[in-house]
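Participant: What shape does this take:
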Amino acid sequence: MFLMNILDSRLIRKIYGLAWPVIIEYFMTSLYTLIDTFFVAKLGVADVAGLGGGGYIAWMFWVPGFMLTTGVMVLIAQSLGAGKRELARRVYGESVILALAISLPVVFLGVLVAEDVVRIVVAGPEVTVKGTQYLVARLLGLPAMYIFFTVGAALRGAKDTKTPMTVSILGNIFNIILDPILIFGLLGLPKLGVFGAGLASSLSFYFMLMFYIVLGVKGRLVIMPRIKALTVETLRKILYLGLPISIERILMSGLMLIYVSMIARFGSVSLAAHQIGLRIESLVFMPGIAFRIATATLVGHEIGGKNIDKAKEIINTATKLSLMFMSITGFSLVALSWYIPVLFIDNVEVHRLSTIYLILAGSSEPGLGVAFAMIGAFHGAGNTLVPVIVSAISNATVRLGLGWTLGKYYGLGAIGLWTGMFLDVYVRGIVLYVLYRKRFERFIKVLV
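Facilitator: Residues are numbered from 1 along each chain as shown. So this is what the prediction gives:
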């Protein structure tokens with residue numbers, strides 16, 4: 001009742017209705033590597049290590065595909081908000097062509113350099129072979145993956161988050177069935193080992209793409225692409241929105257690598273505690289991602305229709321909802337911080353440090369909730385550059401700079417770096433919120 005008193009209940013239902021399927025969809029996506037690891041663990045340590053190294057590198061090859069998603073979602077949301085449905089369909093169709101066009105050279109280049117890149121990341125010839133096998137298998141699925149990402153983004157831009165969720169669930173079921181068959185050579189098929197794990201994941205993306213096609217043929221999709229030749233105007237708009245995000249992902253990967261290497265300098269116990277805490281935390285901030293996407297979609301529709309005041313109303317409500325949900329999940333993480341690590345490790349010192357990590361991470365979730373909502377607001381307004389700049393500066397100066405100072409020179413060790421992480425999240429959230437309150441109209445970019 002308290003929530004209903006402070007927020008517009010109709011708007012709450014609209015935002016929450018878009019957000020909850022995204023939580024499930026992203027959870028399903030995060031399960032792929034986990035499921036592969038579960039089955040590959042039965043093969044041996046080298047296979048697991050190879051999957052880990054190959055999987056990390058595979059993620060880097062996904063970045064060009066991610067570049068399309070925000071641009072497609074925002075352009076379609078603004079087009080539909082402006083009442084330009086045919087433009088939305090044309091953008092959708094051209095984006096599918098662009099996804100395919102980008103994926104093919106990425107696959108070719110990836111297969112060409114796979115072994116050399118894996119050798120840099122992993123140690124030992126056997127692990128290199130296993131990692132290369134997994135990476136190549138995942139690269140074979142890139143065309144379907146890029147198009148799958150694009151279709152999902154288009155549907156979310158059209159306010160449909162339930163269909164991508166449903167398709168992702170079916171894809172995971174397909175992967176779970178296919179994994180043991182290809183890995184262990186069941187049903188008379190050859191035993192493919194770690195290559196089979198990667199191939200099962202890749203085939204599941206082709207399966208999901210085919211399912212989308214079937215839904216489209218049956219008229220079950222809220223929007224269908226109009227396939228035409230790719231135009232310079234559409235390409236320019238997608239790159240305008242997508243390039244900053246791709247650069248951010250690459251930059252953040254580099255900064256994260258530096259961050260992890262800093263933690264590693266304080267010993268293997270600190271690194272193990274960090275990895276355990278990070279895996280646990282990754283399941284907690286999914287509501288924030290969901291509210292970011294819901295906010296971007298709804299704000300995009302209102303900005304397209306030039307309803308600035310309505311867009312602000314959505315942003316204010318979404319920020320409060322995101323803050324509330326992330327506070328609940330964060331404080332739950334703090335309350336369970338001592339108990340959860342026991343499921344993963346029995347080392348006393350690793351357990352102690354993991355608990356401290358989870359307390360700091362859980363306490364930072366409210367700030368992360370605000371940051372996610374603000375990022376969604378700027379994305380929906382057609383501006384992806386501002387969140388990238390704020391995140392990059394805060395990450396480099398607060399998380400890395402201040403964190404290393406606390407850890408190295410004030411004797412806090414890894415806890416100092418985790419404190420830097422805690423402060424970084426709040427700095428990002430506060431700065432983005434201030435920019436929204438003071439200068440939001442100046443940052444708006446109507447793209448349709």
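Participant: use CA for all of it now, contacts and neighbours both
Facilitator: Fine.
Participant: Give the phi and psi angles for residue 44, as a check.
Facilitator: phi 150, psi 170 (degrees, to the nearest 10).
Participant: any idea how far it is from residue 53?
Facilitator: Separation of residue 44 from residue 53 (CA to CA, to the nearest Å) stands at 15 Å.
Participant: Comparing the two, which residue is more hemmed in?
Facilitator: residue 53 (25 against 9; other CA atoms under 10 Å).
Participant: Would you enumerate the residues in contact with the more buried one?
Facilitator: The contact partners of residue 53, taken as CA atoms under 8 Å, 6 or more residues apart in numbering, are 118, 121-122, 131.
Participant: For the buried ones among these, write the corresponding ChimeraX selection.
Facilitator: Buried residues within the contacts of residue 53, by 16 or more other CA atoms under 10 Å, are selected in ChimeraX with:
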select :118,122,131
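Participant: what's the next secondary structure element after the helix or strand hosting residue 270?
Facilitator: Assigned by DSSP states H and E, residue 270 falls within helix 268-281. The first helix or strand that comes after helix 268-281 along the chain, using DSSP H and E, is helix 286-304.
Participant: coming back round to it: which secondary structure elements does the helix holding residue 270 sit against?
Facilitator: With contacts taken as 3 or more CA pairs under 8 Å, 6 or more residues apart in numbering; DSSP states H and E, helix 268-281 sits against helix 232-264, helix 348-380.
Participant: contacting residues for residue 136?
Facilitator: Contacts of residue 136 (CA under 8 Å, 6+ apart): 110-111, 114, 195, 198.
Participant: One more pass at 6 Å, please.
Facilitator: residue 111 (CA atoms under 6 Å, 6 or more residues apart in numbering).
Participant: Then the one 3 residues further on?
Facilitator: With contacts taken as CA under 6 Å, 6+ apart, residue 139 has the following neighbours: residue 107.
Participant: Any figure for the gap between it and residue 327?
Facilitator: Residue 139 is 38 Å from residue 327, by CA to CA.
Participant: Where in the protein is the helix or strand with the lowest mean pLDDT?
Facilitator: helix 2-6 (a mean of 49; mean pLDDT, DSSP states H and E).
Participant: next helix or strand past that one?
Facilitator: According to DSSP H and E, the helix or strand after helix 2-6 is helix 9-40.
Participant: what packs against that next one?
Facilitator: Applying 3 or more CA pairs under 6 Å, 6 or more residues apart in numbering; DSSP states H and E, one finds that helix 9-40 contacts helix 162-184, helix 286-304.
Participant: Quick one: closest of those to residue 416.
Facilitator: helix 286-304 (24.9 Å; CA to CA).
Participant: any chance of the contacts of residue 53 in JSON lines, plus distance to residue 229?
Facilitator: Shown next, in JSON lines, are the contacts of residue 53 (distance: CA to CA, whole Å):
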{"residue": "118", "distance to residue 229": "37"}
{"residue": "121", "distance to residue 229": "40"}
{"residue": "122", "distance to residue 229": "42"}
{"residue": "131", "distance to residue 229": "38"}
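Participant: For the nearest residue to residue 273 once chain neighbours are set aside, grab the count of nearby residues.
Facilitator: Residue nearest to residue 273 in three dimensions, not counting chain neighbours: residue 354, with 4.6 Å by CA to CA, 6 or more residues apart in numbering. Per other CA under 10 Å, the neighbour tally for residue 354 reads 30.
Participant: now residue 125
Facilitator: 11.
Participant: and if you look at the one 3 residues further on?
Facilitator: Residue 128 has 27 neighbouring residues, counting by other CA under 10 Å.
Participant: same question, residue 190
Facilitator: By other CA under 10 Å, neighbour count at residue 190 equals 13.
Participant: Look up how far residue 181 lies from it.
Facilitator: 9 Å.
Participant: With residue 337 as the reference, measure out to residue 328.
Facilitator: 14 Å.
Participant: and the two? which has more neighbours close in?
Facilitator: residue 337 (24 against 16).
Participant: Work out for me the element that one sits within.
Facilitator: Judged by DSSP H and E, residue 337 forms part of no helix or strand.
Participant: Show the contacting residues for it.
Facilitator: Residue 337 neighbours (CA under 6 Å, 6+ apart): 355, 358.
Participant: Low-confidence bits of the protein, can you list those?
Facilitator: 1-7 (pLDDT under 70).
Participant: Much appreciated, bye for now.
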